[in-house]
Structures are given as C-alpha cells and as structure tokens.
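A.B. asks: 3D model of this:
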Amino acid sequence: AVGVGMIVEAVLNKMGIDNSLTQASKYICALFVVVGHNYPVFFGFKGGKGVATAVGIFSVCCPIAIIIGLAVFIALAVITRIVSISSLCATVTVVVFTAIFYNRDASIIPQIALSVAMGALVFIKHADNIKRLLKGEEKISLVGLGYVGMPIAVAFAKKVKVVGYDLNKQKIESNRIEFK
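C.D. replies: Predicted coordinates for the structure are as follows:
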C-alpha cells in the first residue's frame, strides 16, 4: 500500500505539473488512491484503513511531514503499545505539518484539502477502534515478553485485553496469564 501511494505521487510529479489547476488534479488523484484502497470494488468495498497508502503519498508530496508523523507513530507505539492511537496521532501530526511544510511551488489550498480529507478518511476507518478505546476494550499487542514487555503487559492487562508475542516459545508458555 505504501508503494502504491509512492508510485502514484512519483508518476504525477514526473508529469511536469506546474499550474494550480493541474496541481489540484494531482491531489484529487492521490485522494482517490486512498479511497480505492479503503473501499475496493473487487472486495465488496471492504479494504484497509488507508494509513499505509497515505504514508506513501505523503512521503513523496510532503516528506518532512511524514518523517515527523512516523517519529510520532514510533514514539507512541513504543510508549502506549496501541497501534490505533499511534496511527491517529500520527495522522493529525501529518495533517498539521503538511500545512506548515507545504510545497511552496503550488497552491496551499489543494495540499491542505488533501491532507485534511485523507486524515478524515483515516479517522472514519478507525471509528471502531476509537469506540473500543473510549470503552477501554481495545486490544493491546506486545512484541517481546522480556524484562520490559512483561511488566507492561501485566499493567495493561488489568484494564484491557493484551496479546503478547515473543520468538522464545518458552517465555510465552511460562508467562501465560489470564486476568479477570
């Protein structure tokens, strides 16, 4: 999905788009790439959440915003261990930093509209995750059940469902715990 977004943006950039009208068309095409990923006709309109495709698009059209957004995602994923929270916060970060670091050679309006529309799509596709987060029912996945991962798993498991992964099968079996 990241590759598709990058390819679309790179091809549109190579077409030599230089005026505001065609620049807006480029952003509209990019938006429809995300819409097509989220709601694919061939899969009964059931697709992904658009995050990876948007990352590909923004990595070409606003790389600074995506670098900052990825830093926010990684930091929050490490701290919270909840991918949906990390994705949503990174989405807001990318939208904000796209407004700050927009392409000065083109009109700001299509760029802001694209980032806001893609951000809205990400939030729409994460609606179920947001509901589970608000109810305290979102599942947390931890990779690594060592000295850091296990205490985090135990702390979170008191409030939400936690799934732990580790390459060492012995750790998994010895740490199998049920909280009620």
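A.B. asks: what about Pro151, how many neighbours?
C.D. replies: Residues near Pro151, counting by other C-beta atoms under 10 Å, number 11. From N, CA and C alone the C-beta is placed, and that goes for glycine too.
A.B. asks: So which elements touch the strand or helix carrying it?
C.D. replies: Assessed by DSSP states H and E, Pro151 sits inside helix 149-157. Judged by 3 or more C-beta pairs under 8 Å, 6 or more residues apart in numbering; DSSP states H and E, helix 149-157 is in contact with strand 140-143, strand 162-165.
A.B. asks: now those as JSON lines including distance to Ile100 and mean pLDDT?
C.D. replies: Shown next, in JSON lines, are the helices and strands packed on helix 149-157 (distance: least, C-beta to C-beta, whole Å; pLDDT from 0 to 100):
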{"stretch": "strand 140-143", "distance to Ile100": "32", "mean pLDDT": "70"}
{"stretch": "strand 162-165", "distance to Ile100": "37", "mean pLDDT": "73"}
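A.B. asks: and those strands as a markdown table, adding mean neighbour count?
C.D. replies: A markdown table is the format used below for those (neighbours: other C-beta atoms under 10 Å):
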| stretch | mean neighbour count |
| --- | --- |
| strand 140-143 | 16 |
| strand 162-165 | 16 |
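A.B. asks: Would you format the ones you listed as CSV with distance to Ile68 included?
C.D. replies: Converted to CSV, the helices and strands packed on helix 149-157 look like this (distance: least, C-beta to C-beta, whole Å):
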stretch, distance to Ile68
strand 140-143, 24
strand 162-165, 28
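A.B. asks: who wins for proximity to Ile109 among the ones you listed?
C.D. replies: The minimum distance between Ile109 and these falls on strand 140-143, with 39.3 Å, by C-beta to C-beta.
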